[in-house]
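Engineer: Fold the following and give me the result.
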Amino acid sequence: MSMPEPVEDPWADTGPSDRLPAARSRRGEGKGGRGRDDRRERGDEEGGWASGGFERVPPQDLDAEQSVLGGMLLSKDAIADVVEVLKGHDFYRPAHELIYQAILDLYAKGEPADPITIAAELTKRGEIGRVGGASYLHTLVQSVPTAANAEYYAEIVHERAVLRRLVEAGTRITQMGYAADGDVDEIVNSAQAEIYAVTEQRTSEDYLPLGDIMEGALDEIEAIGSRQGQMTGVPTGFTDLDSLTNGLHPGQMIVIAARPAMGKSTLALDFARACSIKSNLPSVIFSLEMGRNEIAMRLLSAEARVALHHMRSGSMTDEDWTRLARRMPDVSAAPLYIDDSPNLSMMEIRAKCRRLKQRNDLKLVVIDYLQLMQSGGSKRAESRQQEVSDMSRNLKLLAKELELPVIALSQLNRGPEQRTDKKPMVSDLRESGSIEQDADMVILLHREDAYEKESPRAGEADLIVAKHRNGPTATITVAFQGHYSRFVDMAQT
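Structural biologist: Residues are numbered from 1 along each chain as shown. Model (predicted):
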């Protein structure tokens, strides 16, 4: 399905990637024309391509690009189908991108998009010459018998675009390897990020005009309103906390902080239980403190309401076994992943999260806890505080990159113990003030009975939402059921 090229060359400005290399274009210009030497040189060319000595034409399918545009010029239904698949930068020929953008602009305004209206629009923009004139638009339409296959052709164009980005990423990775400039772990991480960006079909042009962003924001507001109060984020399992936050949202870094033995890990497991066991959303726990068997026992204790002490001491009753058997299938089927690898580095966590995101559509990451992590680079940080600051920042970037909430547990310094009421403050975050800066939400966990056994508030715990970037702060009281290794809403006690 080959089409005639436009009379005017609309692709004269396509750049180096769209031309034959200079070394190739000069071949055959010497004395002797297209004889034996020419055949020999073509053989040399093929050898050069195989050995990487010459640039290759990037993956593309011009027939498919032309068919897509022809179908869109024939039918507005084809436009609606194609726009779900293609972006302007997916086209190999810049002229095709110009035509595509003009079609979308008219379509967005509710105006017809056909060869005549598109020619007028491109003329108004001063771009008609760059696409080969009005005659090329008519050629696109005449060469496509029907618009029915436009979406299929769009898939082909999109696949070629992904392959081109893969080639570009491979080239950058090769350059990084040969340059050997910087820390090896950082280079490996950058290489992984390049490949991940290709698989996520992203481009370097992530900036958008405010008008486009506002349209998306309004759509989100309308979608939230249509849910009639239903939660939009990952549930925490606590009614009042979910009402305050509307769940945990993509891109957020949530810090749960407390003094030792206050229940940080238990609270984090409660969040993971609500996500994976109750809502069937994939989550992962990176535990640098507890082993996987201990985590599994705590999850079972909380879900089956079997005392953790009974499990550990071997004193389970028949009723305990019955409860355990009743809840075991649901717990076992939950998409919850546990990694208790010792000395996990930031780079390893990032790589594992990327794989889980690609394979299982990961929705929540829990890290227990921040101060036990290693930066992973061969460069030593100036101080432990600087190292923790770097890891905190990297966790925030991970949340944004993978578009999911990341929960990081953190220790507090001894500040609360020096106060009369023992209540923690954000300023008590240990080793790094940047944790507070990077976090979108800081939840400080406090239990009076941890300091005073005869406290009138025994069995109660405060979730102090001390920082909430997208909403109000508050103190939420929940019940602590230590024997079941869980926190629950006060109404459930």
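
Engineer: what about Asp390, how many neighbours?
Structural biologist: Counted with other Cβ atoms under 10 Å, the neighbours of Asp390 add up to 16. (Each C-beta comes from the backbone N, C-alpha and C, glycine too.)

Engineer: elements contacting the host helix or strand of it?
Structural biologist: Element membership for Asp390, per DSSP states H and E: helix 384-402. When contacts are defined as 3 or more Cβ pairs under 8 Å, 6 or more residues apart in numbering; DSSP states H and E, helix 384-402 sits against strand 253-258, helix 346-360, strand 364-368, strand 406-411, helix 434-438.

Engineer: can you redo these as TSV with mean neighbour count, mean pLDDT and distance to Ala217?
Structural biologist: Formatted as TSV, these follow (neighbours: other Cβ atoms under 10 Å; pLDDT from 0 to 100; distance: least, Cβ to Cβ, whole Å):
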stretch	mean neighbour count	mean pLDDT	distance to Ala217
strand 253-258	26	91	22
helix 346-360	18	83	24
strand 364-368	25	92	24
strand 406-411	25	90	23
helix 434-438	19	81	24
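
Engineer: now the ones you listed in TSV, with distance to Ser392?
Structural biologist: Putting these into TSV (distance: least, Cβ to Cβ, whole Å) gives the following:
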stretch	distance to Ser392
strand 253-258	8
helix 346-360	10
strand 364-368	11
strand 406-411	7
helix 434-438	5
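
Engineer: coming back round to it: as a whole number, average confidence for the helix holding Asp390?
Structural biologist: Averaged across helix 384-402, the pLDDT comes to 82.

Engineer: Which of the helices and strands packed on helix 384-402 sits closest to Ala148?
Structural biologist: helix 346-360 (32.7 Å; Cβ to Cβ).

Engineer: From the contact counts, what lies against that closest one?
Structural biologist: Helices and strands touching helix 346-360, by 3+ Cβ pairs under 8 Å, 6+ apart, are helix 184-199, strand 283-287, strand 336-339, helix 384-402.

Engineer: winner for burial among these?
Structural biologist: Highest mean neighbour count of those: strand 283-287, a mean of 25 (counted as mean count of other Cβ atoms under 10 Å).

Engineer: can I have the helix or strand that that one is followed by written out in PDB, keeping just the CAs?
Structural biologist: Under the assignment DSSP H and E, the closest C-terminal helix or strand after strand 283-287 is helix 292-304. Extracted in PDB, the C-alpha atoms of helix 292-304 (Å, rounded to 0.1, in the frame of the first residue of the first chain):
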ATOM      1  CA  ARG A 292       8.800 -12.700  56.500                       C
ATOM      2  CA  ASN A 293       7.500 -15.400  58.800                       C
ATOM      3  CA  GLU A 294       7.000 -12.900  61.600                       C
ATOM      4  CA  ILE A 295       5.100 -10.600  59.300                       C
ATOM      5  CA  ALA A 296       2.900 -13.500  58.100                       C
ATOM      6  CA  MET A 297       2.100 -14.500  61.700                       C
ATOM      7  CA  ARG A 298       1.200 -10.900  62.500                       C
ATOM      8  CA  LEU A 299      -1.100 -10.700  59.500                       C
ATOM      9  CA  LEU A 300      -2.800 -13.900  60.400                       C
ATOM     10  CA  SER A 301      -3.200 -12.800  64.000                       C
ATOM     11  CA  ALA A 302      -4.800  -9.500  63.000                       C
ATOM     12  CA  GLU A 303      -7.100 -11.100  60.400                       C
ATOM     13  CA  ALA A 304      -8.200 -14.200  62.300                       C
END
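
Engineer: Just the residues contacting helix 292-304, thanks.
Structural biologist: Helix 292-304 is contacted from outside by 265-266, 269-270, 273, 277, 285, 287, 290, 306-308, 311-312, 320, 323-324, 326-328, 330-331, 336, 338, 340, 484-486, using Cβ atoms under 8 Å, 6 or more residues apart in numbering.

Engineer: picking that back up, now the helix holding Asp390 and strand 364-368, what's the angle there?
Structural biologist: With axes from the mean of the first three to the mean of the last three Cα atoms, to 10 degrees defining the directions, helix 384-402 sits at 170 degrees from strand 364-368.

Engineer: How far off centre is helix 384-402?
Structural biologist: Taking Cα atoms, centre = their mean, to the nearest Å, the mean C-alpha location of helix 384-402 is offset from the chain mean by 15 Å.

Engineer: For it, give me every contacting residue.
Structural biologist: 193, 196, 250-253, 346, 349-350, 353-354, 357, 362, 365, 367, 370-371, 373, 375, 381, 405-406, 408, 431-432, 434-435, 438-439.

Engineer: low-scoring stretches of the stretch 151-300 of the chain, by residue?
Structural biologist: 199-208, 224, 227-230 (pLDDT under 70).

Engineer: at 90 instead, please
Structural biologist: Low-confidence segments of the stretch 151-300 of the chain (pLDDT under 90): 151-152, 159, 162, 164-233, 243, 245-246, 257-263, 287-297.

Engineer: and stretch 131-144, how far out from the chain's middle?
Structural biologist: Stretch 131-144 sits 39 Å away from the centroid of its parent chain (Cα atoms, centre = their mean).

Engineer: Quick check: mean pLDDT of that stretch?
Structural biologist: Stretch 131-144 shows a mean pLDDT of 89.

Engineer: list the buried ones in that stretch?
Structural biologist: Buried residues in stretch 131-144, counted by 16 or more other Cβ atoms under 10 Å: Val131, Gly132, Gly133, Ala134, Tyr136, Leu137, His138, Thr139, Leu140, Val141, Val144.

Engineer: What is the nearest of those to Met176?
Structural biologist: Distance to Met176 across these (Cβ to Cβ) is lowest for Val131, with 37.0 Å.

Engineer: Please identify the helix or strand for the closest residue to that closest one other than its chain neighbours.
Structural biologist: With sequence-adjacent residues excluded and distances taken as Cβ to Cβ, 6 or more residues apart in numbering, Val131 is closest to Ala95, at 4.5 Å. Using DSSP H and E, Ala95 maps to helix 94-108.

Engineer: now swap in Pro260 and tell me
Structural biologist: Counting by DSSP H and E, no helix or strand carries Pro260.

Engineer: do you know how far it is from Val488?
Structural biologist: Distance, Pro260 to Val488, by Cβ to Cβ, to the nearest Å: 22 Å.

Engineer: Just want to know which of the two has more residues nearby.
Structural biologist: Neighbour count, other Cβ under 10 Å: between Pro260 and Val488, Val488 has more, with 16 against 8.

Engineer: helices or strands up against the helix or strand hosting the more buried one?
Structural biologist: Element membership for Val488, per DSSP H and E: strand 486-489. Helices and strands touching strand 486-489, as assessed by 3+ Cβ pairs under 8 Å, 6+ apart, comprise helix 264-272, strand 474-481.

Engineer: Just the pLDDT at Glu5, thanks.
Structural biologist: As predicted, Glu5 sits at a pLDDT of 50.

Engineer: Same check on the one 5 residues further on?
Structural biologist: At Pro10, the model reports a pLDDT of 44.

Engineer: now Asp37
Structural biologist: Note for Asp37: predicted pLDDT of 41.

Engineer: again, but for the one 10 residues further on
Structural biologist: Gly47 is assigned 37 on the pLDDT scale.

Engineer: for Arg26, same thing?
Structural biologist: 38.

Engineer: next one: Phe480
Structural biologist: In this prediction Phe480 is given a pLDDT of 91.

Engineer: thinking it is in contact with Leu463, fair?
Structural biologist: No. Assessed by Cβ atoms under 8 Å, Phe480 is found out of contact with Leu463, at 10.7 Å.

Engineer: quick one: the strands in the stretch 51-200 of the chain?
Structural biologist: With strands called from DSSP state E, counting those that start in this stretch, the stretch 51-200 of the chain shows none.
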